[in-house]
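Engineer: Curious how this folds, go ahead:
(chains A and B, ligands or ions: 2)
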Amino acid sequence: MSVHDVANAKKRKQRATGFSEQRTGRAFLAPTVIILLALTILPFLLTIILSFSRVTFEGGGIQLHFAGLANWSRLFADERLWNAFSNTLILVVFGVSVQFLIGLGLALLVNGKIKGQGFFKVLFLLPMLLAPISVGYMGRMMFDYGRSPINDFLNRVGLEPIGWLISGDVALLTILLTDTWQWTPVMFLILLVGLQAIPKEYVEAASIDGATGWQLFRHITLPLLASAVLVAILFRTVEAFKVVDIIVIMTGGGPGLGTESMTLFAYIAGLRIFDIAYGAAISLTLFIPVLLGIGVFLAVARRYRASTSG
Amino acid sequence: MAKVVLHEVTKKFGDVTAVDRLDLKVEDEEFIVLVGPSGCGKTTTLRMVAGLEEVTQGEIYIGERPVIDIPPKDRDIAMVFQNYALYPHMSVYDNIAFGLRMRKVPNREIDKRVRQVAELLGIADKLKRKPKALSGGECQRVAVGRAIARHPEVFLFDEPLSSLDAKLRVVMRAELQALHQELKTTTIYVTHDQAEAMTLGNRVAVMRDGVMQQYDNPQTVYNNPVTMFVAGFMGSPAMNFFPVRLTGEEGRLYVVNSGFKLKVPQDKTGKLEGYLGREVVFGLRPENLKTPEMAHDHNPEATLEARVRARAPLGDELLIHAETGGVELVARLTPQTEVAIGQRIALVAEMEFMHIFDKDTEEAVC
Ligand SMILES: Nc1ncnc2c1ncn2[C@@H]1O[C@H](COP(=O)(O)OP(=O)(O)OP(=O)(O)O)[C@@H](O)[C@H]1O
Ligand SMILES: [Mg+2]
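Structural biologist: Ligands and ions are numbered 1, 2, ... in the order given. Below you'll find the predicted structure:
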C-alpha cells in the first residue's frame, strides 16, 4: 500500500464514521421531530384545508366539501375583517412599542444603583403573574363608567367621567392601557436579564474612556443588549397579535365592533356562529401578517447585529 | 505624566476590610508593581485609583490633584482589565478610537493616533477585525493600545498577562517594558506572579490581607525581606524556614535545631544579641544551599545533613526536596549533581545570605 492509499483509506474511514454518526444523530432526533410535526404542522394543514371547504354536519359526523375560494372571497369582502385587522394592528404596534419603552426604562432603573432592587423587581413583575382573565375583570372594574375608582377620582377633582369601555373613541385605548399594564413586566424581565448579563467591565472601561450617561447607553449598553431586545420584541409581538382574553372580558369586542381583534373575530365566526371553515380562513389571515412582520423584523435585526458585532 | 499618591487609603466591603490604611507613593514616570496572593486587595486598590470603587477612608492624589470626588473619565488614567474588556461589538479600530471619540478628538487626529498605536503594537493588519477573531495575545495588545492611544497621565494594569501562556507572557513582559521605556507613563501594575513583579517593577509593593508589607526595589525586596511573608512570597521555590534556637558559645552565635548547628557570620551577631537563647525562625533560600563541591567549602560549621525525599530535574538546574531535623527543605543544585532518593547528602549553607525572623511577629531581625 502506498502512502497515497493509506491516506485514502483514512479518508474513507472518516467519511464512514461521519455518516454513521449522522445517522445515529438523526435517530435520536426523530421522535422529537415527529411529535413536533404532529402537533404543529398537522393542525396547520388541517386549518388550510378547512379554509377551502364547506362544512356540513349530517348524521352526527363532520363532512368537508371542497368549496374553492368561496370562504376567502367572502372574507376579503367582509368589512368586519378589516376592522378587526386594524384594531389588532393598533394594539400590536402601539402596545409593543409602549411596553418596550416602559419596560426598558424600568429595567435600566432597577439595574442601576437603586435601593430596594428586590422589592421593585417583584412589584414590577406582579401583573405578569395574574391570569389574563383576572386582569380583564380588574380592568372592567377599574374602568366601569358608573362605579369605578378612576371615574370617581375624576369626579372629585371636578372632571367629567369618561366612558372608558363604552365610548367608541376610548375603548380601544382602554384595552391598550390594560394590555400594557399586564405585559410590560415581560419586557421588563427579559430586558433586565439581558442588562444583568452584560459584564460590568464593558461599562467600566467605557466610563474610563470618557463615555457618560447617554453615550454609555447608546454605544455600549444598547448594542450589547441587542439580543435581549430582539427576543423581547419578537415574543411580545407574536403574543400581541393573538390578543383576545382581556377584550372578551372587558368589552366583548364592543362598543359595536370597536375593540374586536382578529382572534376574537375568528372565535366568534368559527365557534359562536359555528362557521368553522370561515373561522379557519380568518385565523389564517392573522397568520400571514404575523409571519411577514416577523420576517421583516428579523431581517432588520440581523442587519443591525451584523453591523455591530462580528 | 504625573505622580500618584495614596494616603492612608482604606476600603471596606461591609465587614471585610479589603484594603487597610495603604500608603503608596508612585513617582512620576515610575513603573511600580503591586503584588500579593489572591484576595489581598490589589484589584481593589487599582480600582480605587481608577475611580471605579469608592474609597472608604483616606485620600488619593494624581499629580497634585485630590481625585476622590472626581469621576473615572476625568482622572486622566487608562486601565487594562484582567480579561481585557474589549468592546465585543466594535472592531479593533473602533475599540482603540472609542476613548478619543468620547473626548471629541478630531477625526483626523484619531485616525493618526490609532494607526500609530497599531503600528507600535504590531496589530496594524488587524484593525478591521472584531475582538472575537483575535488570539489572546492580540487581544492583550489591543487592550494596551486602547489605553495608550489616549495619552493618559497614568496606566493601570490589572494582571494583563495572566490569561496568556507562559511563553507569550515572557514576550509581552519584555514588550511592556520597552513600551514604558518609550512612553515613560507612570504605571501601576497588578500581578500575583512574583517573577513578573521582579522583572517589571522599578519598585515592588508586596501586599497581604489588604496591608502593604514592603515597598522597595525588587533586589531589596528579594535580598532584605522585612517579614517572613515577603521572604516566602518573593522567589520560587520559596525560601526555606527552619525553627531554630539561637545559642552562643565563646562569643560566637549558632542557629541550632535537631538536625544542624550552623554558625552565624560575625557581621550579623550585633542585631541578634537580644535573641540569644530564644526560639527564632531561620530562613535560607534554595540557591544558598549547595553541595560541598559547588561551594568549594567543607566547613563543618556551615554544613548540614539531609535525606533526599524527591528530586526535580528542570534542565538547567536540579531541585531537591530533602528533610533535616524534621523540617522540609528545598535546595537548588547544578544539574550534574548525582543524588538518589533516600540518600543522605551534605549541604553547605551560605550563611552570609541567612535571614532571622522573630517567631511571634514574623518580622525580620536580620
Ligand atoms: N465588590 C465586593 N464586595 C465584597 N467584597 C469584595 C468585593 N470586591 C472584593 N472584595 C473582597 O476584597 C478582598 C480583596 O479583593 P481583590 O479583588 O482586591 O483581591 P486581589 O488581590 O485583586 O485578588 P486576585 O489576585 O484574586 O485578583 C477579597 O477578600 C474580596 O473577597
Ligand atoms: Mg484581582
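
Engineer: Now do the closest residue in space to A:L69 that isn't next to it in sequence: how many residues are near it, please.
Structural biologist: The shortest distance from A:L69 to any non-neighbouring residue, by CB to CB, 6 or more residues apart in numbering or on different chains, is to A:F52 (7.4 Å). For every residue, glycine as well, the C-beta is placed using N, CA and C. By other CB atoms under 10 Å in any protein chain shown, 17 other residues sit near A:F52.

Engineer: How about the backbone phi and psi for A:F52?
Structural biologist: Here is the backbone geometry of A:F52 (degrees, to the nearest 10): phi -110, psi 20.

Engineer: quick one, helices of the stretch 151-300 of chain A?
Structural biologist: A:171-196, A:200-209, A:213-216, A:222-241, A:245-250, A:262-267, A:276-308 (DSSP state H, counting those that start in this stretch).

Engineer: residue contacts, the residue nearest to A:L69?
Structural biologist: A:F66, A:A67, A:G68, A:L69, A:N71, A:W72, A:A277 (CB atoms under 8 Å, 6 or more residues apart in numbering or on different chains).

Engineer: and of the helices of the stretch 151-300 of chain A, who's closest to B:F229?
Structural biologist: Counting by CB to CB, B:F229 lies closest to helix A:200-209 out of the helices of the stretch 151-300 of chain A; the figure is 30.4 Å.

Engineer: what's the domain layout of the chain?
Structural biologist: In the absence of a named chain, chain A is used. Following the assignment in automatic domain parsing, chain A carries domains at A:3-39, A:78-274.

Engineer: I was thinking of chain B, sorry if that wasn't clear
Structural biologist: B:4-233, B:240-358.

Engineer: Contact distance from chain A - what residues of chain B qualify?
Structural biologist: B:50-52, B:71-73, B:77-79, B:81, B:83, B:85, B:87-91, B:98-99, B:102-103, B:129-133, B:146, B:150 (CB under 8 Å from any CB of the partner chain).

Engineer: neighbours of B:L314, just the number please.
Structural biologist: The burial count for B:L314: 9, using other CB under 10 Å.

Engineer: Any figure for the gap between it and ligand 1?
Structural biologist: 26 Å (CB to the nearest ligand atom, to the nearest Å).

Engineer: what does A:G25 give?
Structural biologist: A:G25 sits 42 Å away from ligand 1, going by CB to the nearest ligand atom.

Engineer: and that residue, how many neighbours?
Structural biologist: 10.

Engineer: now swap in A:W164 and tell me
Structural biologist: Neighbour tally, A:W164, other CB under 10 Å: 24.

Engineer: Could I get the full set of helices for chain B?
Structural biologist: Using DSSP state H, the helices found in chain B span residues B:42-50, B:92-102, B:107-121, B:136-149, B:166-183, B:194-200, B:218-223, B:228-233, B:269-272, B:292-295.

Engineer: The contacts of A:F52 in helices, which ones?
Structural biologist: Using DSSP H, those in helices are A:N71, A:W72, A:A277.

Engineer: Find the nearest non-adjacent residue to the second one, please.
Structural biologist: Same thing as A:W72. Going by CB to CB, 6+ apart, A:W72 has A:A281 as its nearest residue, at 5.8 Å.

Engineer: looking at it, the one you found is touching A:L75, isn't it?
Structural biologist: Yes - counting by CB atoms under 8 Å, A:L75 is a contact partner of A:A281 at 5.0 Å.

Engineer: Looking at these two, which has the bigger crowd around it?
Structural biologist: When neighbours are counted by other CB under 10 Å, A:A281 comes out ahead of the other of A:A281 and A:L75, with 29 against 18.

Engineer: The more buried one and A:I294, how far apart?
Structural biologist: 21 Å (CB to CB, to the nearest Å).

Engineer: Kindly report the same for A:L89.
Structural biologist: 14 Å.

Engineer: likewise A:V203?
Structural biologist: Counting by CB to CB, the gap from A:V203 to A:I294 is 31 Å.

Engineer: the more surrounded of the two?
Structural biologist: Set side by side, A:V203 and A:I294 show more neighbours around A:V203, with 18 against 15, by other CB under 10 Å.

Engineer: just to revisit the earlier point, now, of the residues of chain B next to chain A, which are buried?
Structural biologist: For the residues of chain B next to chain A, a burial check counting by 16 or more other CB atoms under 10 Å in any protein chain shown picks out B:50-52, B:72-73, B:77-79, B:81, B:85, B:87-91, B:98-99, B:102, B:129-131, B:146, B:150.

Engineer: What about ligand 1: which of those touch it?
Structural biologist: Among these, none lies close to ligand 1 by the criterion of CB under 6 Å from any ligand atom.

Engineer: Just to be sure, which of those are found in strands?
Structural biologist: Among these, the subset assigned to strands under DSSP state E consists of B:I77, B:A78, B:M79.

Engineer: Redo the residues you listed as JSON lines? Include distance to B:F241 and pLDDT.
Structural biologist: Listed next are those as JSON lines, based on distance: CB to CB, whole Å; pLDDT from 0 to 100:
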{"residue": "B:I77", "distance to B:F241": "39", "pLDDT": "94"}
{"residue": "B:A78", "distance to B:F241": "41", "pLDDT": "94"}
{"residue": "B:M79", "distance to B:F241": "37", "pLDDT": "94"}
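
Engineer: Export the residues you listed as a markdown table, with columns for distance to A:A226.
Structural biologist: Output for these, formatted as a markdown table (distance: CB to CB, whole Å):
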| residue | distance to A:A226 |
| --- | --- |
| B:I77 | 30 |
| B:A78 | 27 |
| B:M79 | 26 |
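
Engineer: which among those gets closest to ligand 1?
Structural biologist: B:M79 (13.3 Å; CB to the nearest ligand atom).

Engineer: Point out the residues in the stretch 151-300 of chain B that sit beside ligand 1.
Structural biologist: B:H192.

Engineer: Mind picking out the helix or strand in the chain with the poorest mean pLDDT?
Structural biologist: All of this is about chain A. Ranked by mean pLDDT, DSSP states H and E, the helix or strand of chain A with the weakest confidence is helix A:3-36, at a mean of 69.

Engineer: Not quite, go with chain B.
Structural biologist: Ranked by mean pLDDT, DSSP H and E, the weakest helix or strand in chain B is helix B:292-295, scoring a mean of 86.

Engineer: Just the buried positions in it, please.
Structural biologist: B:A295.

Engineer: swap in stretch B:28-37?
Structural biologist: Neighbour count says stretch B:28-37 has B:E30, B:F31, B:I32, B:V33, B:L34, B:V35, B:G36 buried, by 16+ other CB under 10 Å.

Engineer: In CSV, list these along with pLDDT.
Structural biologist: Shown next, in CSV, are the buried residues of stretch B:28-37 (pLDDT from 0 to 100):
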residue, pLDDT
B:E30, 95
B:F31, 96
B:I32, 96
B:V33, 97
B:L34, 96
B:V35, 96
B:G36, 95
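
Engineer: near ligand 1, from these?
Structural biologist: B:G36.
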